[in-house]
Every structure is written in C-alpha cells, then in structure tokens.
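>>> Mind folding the following:
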Amino acid sequence: MQPDSSFDNALAALQDCLGRQGNFVVLTGAGVSKESGIPTFRDAQTGLWANYRAEDLATREGFLNNPQMVWDWYDFRRNKVWDAQPNPGHVALAKMEVLFSRFTLITQNIDNLHQRAGSKQVLELHGNIFRYKCLEQNHPVSLDLLENPDASPPTCPVCNSYVRPDVVWFGEMLPEIILSQAFDAASSADVMLIAGTSGVVQPAASIPAAAKEAGATVFEINPEMSALTSFMVDYFLQGTSGTILHQLLTALQANPRVKTL
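The predicted model follows:
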C-alpha cells in the first residue's frame, strides 16, 4: 500500500487519538540517536577498534576471550554517549508523553537519551550502556559500591563473576519481561509511531506489526522508507525525527483542547 505523506492528515489523525484519549505507542531506533551525534555500533569502530570484529567486542564469547578489551570498548562507547545531548526529537517525545493519557516509548537504543530528555515510560529492548550486571547470574551491579571499581573489568560482590554492561550482545535474547511489555503495549495501541528504525532487526521489527494487527494507525518518521513502509505504514513523514516530531508537538500544543506545556 502507498502511505499518506501529508503532514496535515497525519496531524489530524494524531489529534483524533489525543481527543479520544487513545493509547499512543512509539518505537525508536538508531536514527534518533544518530541525530545527537551517537554513531552506530559499527560506525564507532574507528581507529584501534576498526581492527576488531563485532563478534570480538559484543558477544559473551568475545568477553570471555578478552574481558579487558571488551570492557575498554564499552568504556570508550560510554564516554562518547555521555558527551551527547538529547535532540529535539527526544524532547518532543518527552513532552508528548504528558499530552497523551496513555503513552509508551519502546526503544532499541541503549544511550539513555530518552530518559535524559524527560521520558518516563520507557521500555529498553536492548538494555542501557550506563547499567551493569554480572556475567554469570545477572546480578545488578553498581560500580560506586564496588571495592574494585577501577578493575577492567571489576567483579560482582555477590558471585565474583565478571561485571559486564547491561546491554544485549549479539546472539543473546532480549529481556523477556521488557519484550512482553512492548508487545502488550503495541497490541493495545491506537497509534503506533516508528522513528529512526530500519524495520529489519527482529524481534523489534515485529512490534509495529502487532499494533497494526490490533487495528492501530501506524505512522513512520524516517529520512528514507524502511522495510516496514510499503506494507504496514498509514502515514509516512519523510525527514529527520528531530524536525518532524518537533513540528508535530508544536501543532498538537496549538490545539485549543491541549494545555500548553
């Protein structure tokens, strides 16, 4: 099917959802973070890190093979992420959350920028680079409370296994509870908005399908059409999420039924 590309029509559909106190669900991907200057995993592999395969840096086997190297890689990435700031797209979504009585933000990103922008209802499918857990038992670990926080990597105070970043590595399952909550939200959505995702990484790419099957109106914001556009999307707004989400927010706030934030 050919999605509607009219901004005014898309806005009218969102206003209708807002007026009916509908359930608004959002799925964001790497494109949203890229607008804040955060490179993708492979784009970040520059300099020294260009010599390593993804399997060396982001798998359980790679970590067991060379724990210090993997720990240092994630320190490098974490510092890059920490220097980034939420962009207008992150901010617009945080403010939309306040407008809609039911709102869930599902993200494939691990950078914490949605939370830094003010979003509260966030489901992190791939974890968070600023959280830690132990390798063997998944014990949550706070580096501030460790006796050996400067070790590369430190060890868990409960089971003495290595501490690792609380992110989903290649070959690992997504967190079952978070994934279930994401599909539950999509299955009850009135509006599903996709931003900055290619629509090819599973199982995240199936979340919009669950919303569509449940009767939701599906919106997409992307610079280019994705794998989902032609067979699932009702409204396709071409451009960056930072620009278009800000425009949508401004228009929604101008609605006389909406209290300006």
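
>>> Tell me which stretches of the protein form helices.
For the chain, the helices defined by DSSP state H cover 7-19, 30-34, 54-57, 60-65, 67-83, 88-99, 113-117, 176-187, 207-213, 229-232, 241-254.

>>> now for the fifth one, which elements pack on it?
So that's helix 67-83. helix 54-57, strand 127-134, strand 163-167 (3 or more CB pairs under 8 Å, 6 or more residues apart in numbering; DSSP states H and E). Backbone N, C-alpha and C define where each C-beta goes, glycine included.

>>> So for stretch 77-85, what gets flagged as buried?
By neighbour count with 16 or more other CB atoms under 10 Å, stretch 77-85 contains the buried residues R77, V81, A84.

>>> So the first one sits against I129, correct?
Yes: with contact defined as CB atoms under 8 Å, R77 reaches I129; the gap is 6.5 Å.

>>> Report the contact partners of the closest residue to E136 other than its chain neighbours.
In this structure, E136 finds its nearest non-sequential neighbour in S161, 3.8 Å apart by CB to CB, 6 or more residues apart in numbering. Residues in contact with S161 (CB atoms under 8 Å, 6 or more residues apart in numbering) are C134, L135, E136, Q137, T155.

>>> count of neighbours near the fourth one?
Residues within reach of Q137, counting by other CB atoms under 10 Å, total 10.

>>> does it really touch T155, like I thought?
No: contact criterion CB under 8 Å: Q137 and T155 do not qualify, at 11.9 Å.

>>> Reformat the buried residues of stretch 77-85 as TSV; add distance to Q68 and pLDDT.
Shown next, in TSV, are the buried residues of stretch 77-85 (distance: CB to CB, whole Å; pLDDT from 0 to 100):
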residue	distance to Q68	pLDDT
R77	15	91
V81	20	92
A84	25	94
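
>>> Which of the residues you listed sits closest to T240?
Nearest to T240 out of these is A84 (CB to CB; 15.5 Å).

>>> Show the contacting residues for the nearest residue to the closest one once chain neighbours are set aside.
Excluding the flanking residues, the one nearest A84 by CB to CB, 6+ apart is S36, at 4.4 Å. By CB under 8 Å, 6+ apart, S36 lies in contact with A84, Q85, P86, N87, H90, D111, L113.

>>> Could you rerun that using 7 Å?
Applying CB atoms under 7 Å, 6 or more residues apart in numbering to S36 gives the contacts A84, Q85, P86, N87, L113.

>>> So which of those residues belong to strands?
In strands, judged by DSSP state E, none of the contacts of S36 are found.

>>> I'd like the residues you listed written out as CSV, with distance to W169 added.
Below are the contacts of S36 laid out as CSV (distance: CB to CB, whole Å):
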residue, distance to W169
A84, 22
Q85, 27
P86, 26
N87, 27
L113, 21
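
>>> Got the confidence number for S226?
Model confidence at S226, given as pLDDT, is 83.

>>> Could you do the one 4 residues further on as well?
Looking at S230, its pLDDT reads 83.

>>> can you check S152 too?
Among the per-residue scores, S152 holds a pLDDT of 86.

>>> Distance check, it against D75.
Counting by CB to CB, to the nearest Å, the gap from S152 to D75 is 8 Å.

>>> which one of the helices of the chain lies closest to A195?
Here helix 241-254 is closest among the helices of the chain (CB to CB), at 4.2 Å.

>>> Tell me the buried residues in the lowest-mean-pLDDT helix or strand in the chain?
Counting by mean pLDDT, DSSP states H and E, the chain has its least confident helix or strand at helix 229-232, which shows a mean of 84. Buried residues in helix 229-232, counted by 16+ other CB under 10 Å: T229, M232.

>>> and what of stretch 121-141?
Burial within stretch 121-141, assessed by neighbour count using 16+ other CB under 10 Å, is assigned to 122-130, 132-135, 141.

>>> quick one: the residue most central in space within the chain from D56, how far?
The residue lying closest to the centre of the chain (CA atoms, centre = their mean) is T107, at 2.2 Å. Note on T107: its distance to D56, by CB to CB, is 26 Å.
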